[in-house]
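Engineer: any chance you can model this:
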Amino acid sequence: MRLRMVALPLIVGVATVFAVSAAASRPRPPSWALHGPYSPKIDSSEFVAAVNNRYFPLKPGTRFHYAGLVEATPQTDDMVVLHRTKEILGVRSTVVRDTVSEHGKPLERTFDWYAQDKHGNVWYMGEDSLELEHGRLVRADDSWQSGVNGAKPGIIMRGNPQPGEVYRQEYYPPGGALDQARVLNRTATVKVPYGSFRRVLTTVEWSPVEPQFEQKSYVAGIGEVAEHVTHGGHESFQLVSVTRT
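Structural biologist: I've put the predicted structure just below:
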């Protein structure tokens with residue numbers, strides 16, 4: 001689930017004060033942030049047909065419904081694993097449609113592409129992102145595809161995530177797609193509308209483009225059940241329902 005905060009216009013007269021306040025509240029880069037060159041090697045023979053990582057399973061026909069708040073505004077997020085694939089760098093990638101809505105109207109729709117290697121790592125191969133502009137959804141600048149204009153894939157979920165591991169999730173500097181993640185633990189307890197869970201995997205994400213810390217929770221056999229910005233913004237979503245067809 002790749003969520004973006006929708007910018008609101010500043011009120012004339014308080015813009016300067018707001019800007020100073022926002023700058024002061026922006027968190028500093030974490031000590032674990034990755035720097036330097038990044039050149040992942042993708043061998044199509046090392047990939048498998050299905051994405052069945054226990055913390056990030058993508059079975060076609062599965063629908064995840066999330067509800068939450070961005071600032072003080074209620075929003076929903078609906079993620080659907082489509083019966084479609086897209087070949088990227090010679091790798092057959094699963095297509096996931098993700099729609100963020102407010103008051104029942106789509107604000108953003110993204111087609112994400114994922115592929116799993118033989119070690120169980122789930123790679124994020126790119127995204128075609130659409131954002132609401134003048135009443136219609138148009139292609140966003142941060143859309144990217146691995147192998148195009150210098151874009152490189154990252155790992156969205158490790159095959160066997162261990163506390164302390166750090167990895168790039170995406171890499172496309174021209175579009176600002178530079179998310180990184182760190183594994184926190186695999187022993188958390190989480191309660192969301194969909195249920196209560198133990199032995200939950202938790203990670204924290206960071207991007208130098210949009211400086212904030214976002215914690216995510218994953219349950220084996222289900223996938224992501226919750227996410228919330230812990231520093232640098234006010235945003236949270238929780239899993240409400242999962243349906244499979």
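Engineer: least trustworthy helix or strand in this structure by mean pLDDT?
Structural biologist: helix 15-25 (a mean of 38; mean pLDDT, DSSP states H and E).
Engineer: isn't S93 right next to T85, touching?
Structural biologist: Yes: S93 is within contact range of T85, at 6.1 Å (criterion: CB atoms under 8 Å). For every residue, glycine as well, the C-beta is placed using N, CA and C.
Engineer: more neighbours, the two?
Structural biologist: More crowded of S93 and T85, by other CB atoms under 10 Å: S93, with 25 against 15.
Engineer: mind pulling up the pLDDT for that one?
Structural biologist: The model reports S93 with a pLDDT of 98.
Engineer: make sure it is indeed in a helix.
Structural biologist: No: counting by DSSP: H, G, I helix; E, B strand; the rest coil, S93 falls outside a helix, being strand.
Engineer: what pairs with it across the strands?
Structural biologist: Per DSSP bridges, residues listed as beta-bridge partners of S93: K86.
Engineer: what of S101?
Structural biologist: Counting by DSSP bridges, S101 is bridged to T76, P106.
Engineer: against D78, how distant is it?
Structural biologist: Separation of S101 from D78 (CB to CB, to the nearest Å): 7 Å.
Engineer: quick one: which of those two has more around it?
Structural biologist: The neighbour comparison of S101 against D78 (other CB under 10 Å) goes to D78, with 19 against 15.
Engineer: for that one, what are its contacts?
Structural biologist: Counting by CB atoms under 8 Å, 6 or more residues apart in numbering, D78 makes contact with R63, F64, H65, Y66, D98, T99, S101.
Engineer: go with 6 Å
Structural biologist: Counting by CB atoms under 6 Å, 6 or more residues apart in numbering, D78 makes contact with H65, T99.
Engineer: list the buried residues in the host helix or strand of it.
Structural biologist: Using DSSP states H and E, D78 maps to strand 73-88. By neighbour count on 16 or more other CB atoms under 10 Å, the buried set for strand 73-88 is Q75, T76, D77, D78, M79, V80, V81, K86, I88.
Engineer: surely V183 meets T203?
Structural biologist: Yes: checked against CB atoms under 6 Å, the pair V183 and T203 is within contact range at 5.4 Å.
Engineer: and those two? Which one has more around it.
Structural biologist: Taking neighbours as other CB under 10 Å, V183 and T203 compare with T203 leading, 26 against 18.
Engineer: quick one: contacts for that one?
Structural biologist: Residues in contact with T203 (CB under 6 Å, 6+ apart) are A181, V183, K216.
Engineer: kindly recompute the last result at 8 Å.
Structural biologist: Listed by CB under 8 Å, 6+ apart, the contact set of T203 reads P161, A181, R182, V183, L184, Q215, K216, Y218.
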